[in-house]
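Participant: need coordinates for the below:
(one chain, ligands or ions: 1)
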Amino acid sequence: MAEPATSVTVSEAIERRMSVRAFSDRPVAEGKVRDILDRARRSPSTGNLQPWHVYAVGGERLVALKRLIAEKLARDPAGEPLEFASYPSPLWEPLRARRAAAGRLRYEAFGFADKDGSGLSELLRRNFDFFGAPVGLFFYLDARVGPPQWADLGMFLQSLMLLAVEEGLDTCPQQVWGSWNATLRDFLGVPDGRTLFCGMSLGYRDASHPCIAARTERAAMSEFASFAW
Ligand SMILES: Cc1cc2nc3c(=O)[nH]c(=O)nc-3n(C[C@H](O)[C@H](O)[C@H](O)COP(=O)(O)O)c2cc1C
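Facilitator: Model prediction:
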């Protein structure tokens, strides 16, 4: 798909947004990142708390961060203790099947055999390279906040990802960065008491990569909505 024209509707942006896991080396100006974050400020939040904290990394600092993580990953593939689990365990149906299908699609798109050891470690390595993106973002919350504020951050993230699409950019939210949260805290200078929710790759997609054609499925509306009229 070509870059969007000068304007996209919200529906078009929702349709185009996907987790892109292959970026071109085309740079993204710091001013553009600032502009997108500035517009994402209008996201709603409980009581207008605006609980999000964002750390944007690019240029030489991103190179340094990637190098640091690559070194640590080579020594310790398991990473650091997580602050929270990404999924309930065990997962139940239909959630388990949806997660498995998305995983299968991803592995096939990269040409890896289904979640074999080397495929998993290569995908992790690419995650921690921001899939080649020139900008990495990290999203934190004060550890004292509750579920409503986690949802607030989710809305902020979606605003940001749709604004990125409007700029012809792509994103991949990445909870996997949680396994380096102690290192990131030091590297970014995050004050104590903040929890990392996720990282995010930001850049221009490499449209020639097969993973771009691999779109995840969605359940039909009838599976999650009921109507009383
Ligand atoms: C909070 C959050 C964290 C995620 N973490 C990762 C991650 O660490 N690595 C990754 O490759 N994808 C990650 N994803 C992407 C999801 O796998 C993806 O959104 C889902 O499969 C739906 O596909 P789509 O985004 O392409 O529509 C994350 C998504 C969200 C919303």
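
Participant: off-centre distance for stretch 89-99?
Facilitator: Taking the mean of its C-alpha atoms, stretch 89-99 sits 20 Å from the chain's own mean (C-alpha atoms, centre = their mean, to the nearest Å).

Participant: how about it against the ligand, any contact?
Facilitator: No: Stretch 89-99 is not in contact with the ligand by C-beta under 6 Å from any ligand atom; minimum separation 8.2 Å. Using the backbone N, CA and C atoms, a C-beta is placed for each residue, glycine as well.

Participant: now do that stretch: everything it contacts.
Facilitator: 87, 217, 219, 223 (C-beta atoms under 8 Å, 6 or more residues apart in numbering).

Participant: with pLDDT, distance to Leu65 and secondary structure added, can I get the residues you listed in TSV?
Facilitator: Compiled in TSV, those are given as follows (pLDDT from 0 to 100; distance: C-beta to C-beta, whole Å; DSSP: H, G, I helix; E, B strand; the rest coil):
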residue	pLDDT	distance to Leu65	secondary structure
Tyr87	97	26	coil
Glu217	97	33	coil
Ala219	98	36	coil
Glu223	97	40	helix
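
Participant: and which of these is nearest the ligand?
Facilitator: Using C-beta to the nearest ligand atom, the shortest approach to the ligand within these belongs to Glu217, at 9.0 Å.

Participant: that closest one: neighbour count?
Facilitator: Glu217 is flanked by 9 other residues according to other C-beta atoms under 10 Å.

Participant: now Gly146
Facilitator: 10.

Participant: kindly report the same for Phe131.
Facilitator: Counted with other C-beta under 10 Å, the neighbours of Phe131 add up to 22.

Participant: following the chain past the longest helix seen in the chain, name the next helix or strand.
Facilitator: Using DSSP state H to define each element, the chain has its longest helix at helix 147-166. Counting by DSSP states H and E, the next helix or strand C-terminal to helix 147-166 is strand 170-174.

Participant: which elements pack onto that next one?
Facilitator: Applying 3 or more C-beta pairs under 8 Å, 6 or more residues apart in numbering; DSSP states H and E, we find strand 170-174 packed against helix 147-166, strand 194-203.

Participant: low-confidence stretches in this structure?
Facilitator: 1-6, 114-116 (pLDDT under 70).

Participant: again, only using 50
Facilitator: Applying pLDDT under 50 to the chain picks out residues 1-2.

Participant: can you pull the residues of it lying near the ligand?
Facilitator: Residues of the chain lying close to the ligand by C-beta under 6 Å from any ligand atom are 18-19, 21, 102, 127, 172-176, 198, 216.

Participant: kindly reformat the residues you listed as JSON lines containing neighbour count.
Facilitator: Compiled in JSON lines, the residues of the chain next to the ligand are given as follows (neighbours: other C-beta atoms under 10 Å):
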{"residue": "Met18", "neighbour count": "18"}
{"residue": "Ser19", "neighbour count": "19"}
{"residue": "Arg21", "neighbour count": "25"}
{"residue": "Ala102", "neighbour count": "14"}
{"residue": "Asn127", "neighbour count": "20"}
{"residue": "Cys172", "neighbour count": "24"}
{"residue": "Pro173", "neighbour count": "19"}
{"residue": "Gln174", "neighbour count": "20"}
{"residue": "Gln175", "neighbour count": "17"}
{"residue": "Val176", "neighbour count": "16"}
{"residue": "Cys198", "neighbour count": "19"}
{"residue": "Thr216", "neighbour count": "11"}
